[in-house]
Each structure stands twice: as structure tokens, then as C-alpha cells.
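Enquirer: Based on what follows, work out the 3D shape:
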Amino acid sequence: MINFDLFGHPILPPVLNLRIPYMGSKNKIAPQLLTEMLKIKPRAKYFYDLFGGGASMSLTALQCGLTVFYNEKQTSLVNFLQYIINRIKNKERGNFGLFPDDFYKFITRNDFNILKKENSIKGQFARICYSFGNNQCDYLFGDIEELKHLAHNIVVFENKEELNKFNEKFKSNIILSSKKTINERRLDFKVQIIACKNRFDLEQLQQLQQLQQLQQLERLVRLERLEQLHISNLDFRNVKIETPLEETIIYLDPPYRNTGKYIEKNTLTAEIDDYFLSLPYSSFMSEYDAPFQCIFEIKKQSLLNNSNLEKRKIVIEKLFINKLF
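Expert: Prediction:
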């Protein structure tokens, strides 16, 4: 149950940042968005996430005690989420963590270009962890790929031969970490890199500190805390919504108009707008700009140029309710 303060404002419990890495993810602002929806729908018990994507909003609502219906039209993404849930339920693990051992091998550009075309769990894993800006299309690394490959093998597999190559190449004195988990070793590696930063140019230093593919993997591993969702793989218009009006939040986070490139553009903007207006429920939509009443604005960093932290673009995310201006 959601608690409220003396002024009737919702008080969300502490939530974990759980999600599948995904283009346009709301992971950093999900609690704020949910809080604004609950101000208008304080009796809410049910949350419908019609363009579920990486499930940031669904998993936030779930941790707040709402019954959550996650829907996503991209079949491979839904299958991947269900695959994770099934492995958790069945207590299946590889030697390195939640996923099979093969998933922990570094995926090269050539591997990625093959895997991204596959309608498979491994293909979806590659599109999530190794795509630029989580766009599921473009490979994450440019000229730095060889360096990332070395660092990956040092951190994940504790490979001494690769460590020797790395130290010889950069005249550094990095040592293998004694930490148990991949994420702990990644953080330990980052500390060592910073300590000998004069050995690297600025781009190398930034890239070695980030190790983006391992950060994406860590986000997926955290889904081991995942509880059961009601999952569907439908066009948003075909999701059955039969819960009480005052107890239901319907949330739409469609591909934003005039921006980005998603792996599936499954609807036209006009059709989404018409559906949004036709709903008998007070419903909410995330967008940069839409012809509806805006109830909340928040600044957010765009991740589409995440190779250079200094140049990240600040965008204004808006939350709309299904009422015309």
C-alpha cells in the first residue's frame, strides 16, 4: 500500500533501480513520474504499462505494491524478460552468474552484427548489452573495441595472459582483483585505472572507467530480485483493461514523435493520440511534446551520446494526462 503525508502527497518506499537496459528508459525518473500519477490517482491498485520497454516503470510500480501489467509489442524483448523470470524461478545459473557461461564472453563487432539479426535470447542479450545508446542496432564500441576486449577478459575471466598484454601495451601495473563478483572486480579495475591515469589518453581513460557492457550486464543481474509481473506481448490497443476506474493507472511511453530510431515503430503517433484520448480512465503519457495537458516536467540526460560524458544533452521529459489543452 502507498502511504501519504499530511498534505495527501504519496510517499513511495525505497525502490531498487531495476530494468532491462533500453532506449528511452525512465529508470532515473521512474519514482518521480509514479509519484505524480499517484497524486491524481491516490486509490490506485493497478498499473498498466502499455509500452513496457525496459520495464523501469513496471518494476518501480511493482516495488511500491501495485499489481502491474507489463505489455510490450517487441516479441524478442518480452521473451527475454520471461527468460530471466524463468531462470530465477527454476534457480538456473551459470558459473559466472544468472546467465549461461557463453553470455559472458565479449561480443565483438562481427559477433554483434550477426547476433542482432537473430530472433533469439542471445541475440536480444547482445542488442541490450552491446548497442550504442541501447538502440539495439548500432555496435557500442568504435576504435576502442580491442582495448575493451582486453579489459573485459581481465575483469570477467581474471585472465592473466590478457592482463600481461594490457600492462605491456600501456606500461601500467594493473593487477588481478581478488573480489568475488564481476561488478566488484569492475569497480576495483576502475580504481586502478584512475590511479595510473597518466598512462592513458583522455578517451581511453573514460572508456576504461566505464566498461559499459559490464554495467549493462550488472543491471540485468539485479533483476534476480524481480517479482512476478503480468506480462503480455500485444499491440497496446489489444490489452484488456477491466479494473476499476479509480483504482487504475494507465501509462503510455511510446516512441517519441520526431525523435530516435527504435527497433520497432509499431504504431502511428495519431493512432496513439486517438487511443489516449478515448480512454475512460485518467491516463498518462511520457513525451517531449504532445497536444495534451502537461502535469509534470523534469530534466534528464540523453544517453544517445554516452561515449563522451561532457557532451551529454539535457532534455526535458514531460508527463501528460489525457486531456486536451
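
Enquirer: residues in contact with E92?
Expert: Counting by CB atoms under 8 Å, 6 or more residues apart in numbering, E92 touches N86. (C-beta placed from N, C-alpha, C; glycine too.)

Enquirer: how near is it to F99?
Expert: Distance, E92 to F99, by CB to CB, to the nearest Å: 9 Å.

Enquirer: now R222
Expert: In terms of CB to CB, R222 sits 13 Å off from F99.

Enquirer: low pLDDT regions in the stretch 101-250 of the chain?
Expert: 202-203, 224-227 (pLDDT under 70).

Enquirer: my guess is I249 meets L319, correct?
Expert: No - I249 is not in contact with L319 according to CB atoms under 8 Å; the separation is 11.7 Å.

Enquirer: shared neighbours of the two, anything?
Expert: Between them, I249 and L319 share these contacting residues under CB under 8 Å, 6+ apart: M37, F284.

Enquirer: Please enumerate the strands of the stretch 201-325 of the chain.
Expert: For the stretch 201-325 of the chain, the strands defined by DSSP state E, counting those that start in this stretch cover 230-232, 248-252, 283-287, 292-301, 314-324.

Enquirer: tilt between the last one and strand 292-301?
Expert: Between the axis of strand 314-324 and that of strand 292-301 there is an angle of 160 degrees, by axes from the mean of the first three to the mean of the last three CA atoms, to 10 degrees.

Enquirer: Then the second one?
Expert: Strand 248-252 and strand 292-301 meet at an angle of 60 degrees, taking the same axes, to 10 degrees as the criterion.

Enquirer: Pull the contacting residues for the most centrally placed residue in the chain.
Expert: In the chain, the centroid-proximal residue (CA atoms, centre = their mean) is P21; its distance is 2.5 Å. By CB under 8 Å, 6+ apart, the residues touching P21 are G54, I128, C129, N134, Q216, R219, L220.

Enquirer: a strand runs through it, doesn't it?
Expert: No - counting by DSSP: H, G, I helix; E, B strand; the rest coil, P21 is not part of a strand but coil.

Enquirer: Touching, V155 and L217? I think so.
Expert: No - in this structure V155 lies outside contact range of L217 using CB under 8 Å: 10.5 Å.

Enquirer: who touches both of those two?
Expert: Taking CB under 8 Å, 6+ apart as the contact rule, V155 and L217 both touch I182.

Enquirer: average pLDDT for stretch 17-28?
Expert: In this model, stretch 17-28 has an average pLDDT of 76.

Enquirer: quick one: which helix or strand includes L38?
Expert: Applying DSSP states H and E as the criterion places L38 in helix 30-40.

Enquirer: what packs against that helix?
Expert: For helix 30-40, the packing partners by 3 or more CB pairs under 8 Å, 6 or more residues apart in numbering; DSSP states H and E come out as strand 10-11, helix 56-63, strand 248-252, strand 283-287, strand 292-301, strand 314-324.

Enquirer: what's the offset of the longest one from the middle of its chain?
Expert: Spelled out, it's strand 314-324. Chain-centre distance of strand 314-324: 20 Å, with CA atoms, centre = their mean, to the nearest Å.

Enquirer: Okay, angle between that strand and strand 283-287 too, please.
Expert: Relative orientation of strand 314-324 versus strand 283-287 (the same axes, to 10 degrees): 150 degrees.

Enquirer: Pull the residues that contact strand 314-324.
Expert: 26, 29, 33, 36-37, 40, 276-277, 279, 282-302.

Enquirer: Quick check on those residues: which are buried?
Expert: Neighbour counting with 16 or more other CB atoms under 10 Å marks 26, 29, 33, 36-37, 276, 282-287, 290, 292, 296 as buried within the contacts of strand 314-324.

Enquirer: Name the nearest of the residues you listed relative to L205.
Expert: I29 (29.0 Å; CB to CB).

Enquirer: which SS state does K165 fall under?
Expert: helix.
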